[in-house]
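In: below is the sequence, then the predicted model.
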Amino acid sequence: MRRINRILLLVMLALIPAQMVCAAVQKENIKYTLYLNWKFVWIKAGDASLVTLPTVYEGADAYETTLYTTTSKTADAIFKLRDTITTVITPKIEPKYYFKHCQEGDGRVYEKAWFTTPSAGKYSIHQHKIYNSGKVVTKDTVCTNPVYDMVSMIQKARSYDTASMKKGERIKFLMASGTAVREHELVFNGKEKIKDQSGKSFECSVISIFEPKTEKGKTSVEEILRVYVKNDAARTPLEIDFFMPIGVAKARLN
């Protein structure tokens, strides 16, 4: 369960500026049910929701998106998760502020990040993290490519169209988490018909997300999720498969 909050936030990541087709979602509430394959049996693992509302940040119009994740009592026995993760973005889908309060197992973590553009072609991020022990770590990073937090990337990615993407196409992007900025990779796997929980079929784009992995001094990438995104105007993720050390998990749209 440790990865569910982080992986769910990676849904629909894509950095293809030429393919931008719409602005950020202005107001919505998307709800998911989480399932875990535990000893070959699918059990309900919890609930998640993604809520977007208009707001004002530093005197300017903006949008606030929050991801809430809660494991069920059954799943709590395996790994307890209570997360609230919020980002504030501009109408152009530029992240300005990020806040994360999570309880994972017996630990609690607080993270904050502030995003600025100090000059043309420069992207600055100030990250602040408080550990369960009370230890505070801060970090300032300047990049030449845009940097997103996990939640703002959901909205950024949903503003792109996969219609012109080729099967097998790979895209790299930067994402801030904790006090690190890491490169991830998206792979477009084509299209597939998927049924929702009512049994209705939808054509979906199938996308995999890979993250870097270092083992014995060697760096590689591993698939951490596979997401099925409805090819409609809202581009809503219909189903997400998670690949974790403890097994396979799934999030299904309610």
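Out: Alright, I've got the coordinates. These figures come from a predicted structure and were not determined experimentally. Residues are numbered from 1 along each chain as shown.

In: pLDDT below threshold where in the stretch 1-150 of the chain?
Out: 1-26 (pLDDT under 70).

In: surely K92 is within a strand?
Out: No. Under DSSP: H, G, I helix; E, B strand; the rest coil, K92 falls outside any strand and is assigned coil.

In: what residues of stretch 122-142 count as buried?
Out: For stretch 122-142, burial by neighbour count (16 or more other Cβ atoms under 10 Å) applies to Y123, I125, Q127, H128, K129, I130, T141. Any C-beta I mention is one placed from the backbone N, CA and C, and that applies to glycine too.

In: a markdown table for those, including distance to M153 and secondary structure?
Out: Compiled in a markdown table, the buried residues of stretch 122-142 are given as follows (distance: Cβ to Cβ, whole Å; DSSP: H, G, I helix; E, B strand; the rest coil):
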| residue | distance to M153 | secondary structure |
| --- | --- | --- |
| Y123 | 14 | strand |
| I125 | 13 | strand |
| Q127 | 16 | strand |
| H128 | 19 | strand |
| K129 | 19 | strand |
| I130 | 23 | strand |
| T141 | 16 | strand |
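
In: what's the farthest-apart pair in those residues?
Out: For the buried residues of stretch 122-142, the farthest-apart pair by Cβ to Cβ is Y123 and I130; their separation is 24.1 Å.

In: pLDDT weak spots in the stretch 151-254 of the chain?
Out: Ranges of the stretch 151-254 of the chain meeting pLDDT under 70: 154, 156-160, 244-247.

In: one more time with 90, if that's ok
Out: Applying pLDDT under 90 to the stretch 151-254 of the chain picks out residues 151-166, 169-180, 182-188, 196-197, 205-251, 254.

In: strands of that one, start to end?
Out: For the stretch 151-254 of the chain, the strands defined by DSSP state E, counting those that start in this stretch occupy 170-177, 180-195, 201-215, 218-230, 237-244, 247-253.

In: the fourth one vs strand 180-195, what angle?
Out: What separates the directions of strand 218-230 and strand 180-195 is an angle of 40 degrees, with axes from the mean of the first three to the mean of the last three Cα atoms, to 10 degrees.

In: if we can go back for a sec, closest one of the buried residues of stretch 122-142 to E183?
Out: Using Cβ to Cβ, those come closest to E183 at T141, 12.8 Å.

In: pull the contacting residues for that closest one.
Out: T141 sits next to S124, I125, Q127, V147, A176, V181 when contact means Cβ atoms under 8 Å, 6 or more residues apart in numbering.

In: recalculate using a threshold of 10 Å.
Out: A113, Y123, S124, I125, H126, Q127, V147, L174, A176, T179, A180, V181 (Cβ atoms under 10 Å, 6 or more residues apart in numbering).

In: V221 too?
Out: V221 touches R170, E183, H184, E185, V187, I209, F210, E211, P212, K213, counting by Cβ under 10 Å, 6+ apart.

In: CA-only coordinates of stretch 176-190 in CSV, if you can.
Out: The C-alpha trace of stretch 176-190 is given here as CSV (Å, rounded to 0.1, in the frame of the first residue of the first chain):
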residue,chain,number,x,y,z
ALA,A,176,9.4,17.0,-7.5
SER,A,177,8.7,14.8,-4.4
GLY,A,178,10.0,15.2,-0.9
THR,A,179,13.3,17.0,-1.4
ALA,A,180,14.2,15.5,-4.7
VAL,A,181,13.5,16.2,-8.4
ARG,A,182,13.6,13.0,-10.4
GLU,A,183,13.1,12.1,-14.0
HIS,A,184,10.3,9.7,-14.9
GLU,A,185,9.3,8.0,-18.1
LEU,A,186,5.9,7.5,-19.8
VAL,A,187,5.2,4.9,-22.4
PHE,A,188,2.1,4.9,-24.7
ASN,A,189,0.8,1.4,-25.2
GLY,A,190,-1.9,2.1,-27.7
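
In: next, the buried residues of that stretch.
Out: Applying 16+ other Cβ under 10 Å to stretch 176-190 flags A176, S177, T179, V181, H184, E185, L186, V187, F188 as buried.

In: picking up where we left off before, which one, of the strands of the stretch 151-254 of the chain, ends up nearest to G105?
Out: strand 237-244 (14.2 Å).

In: noted, bye for now.
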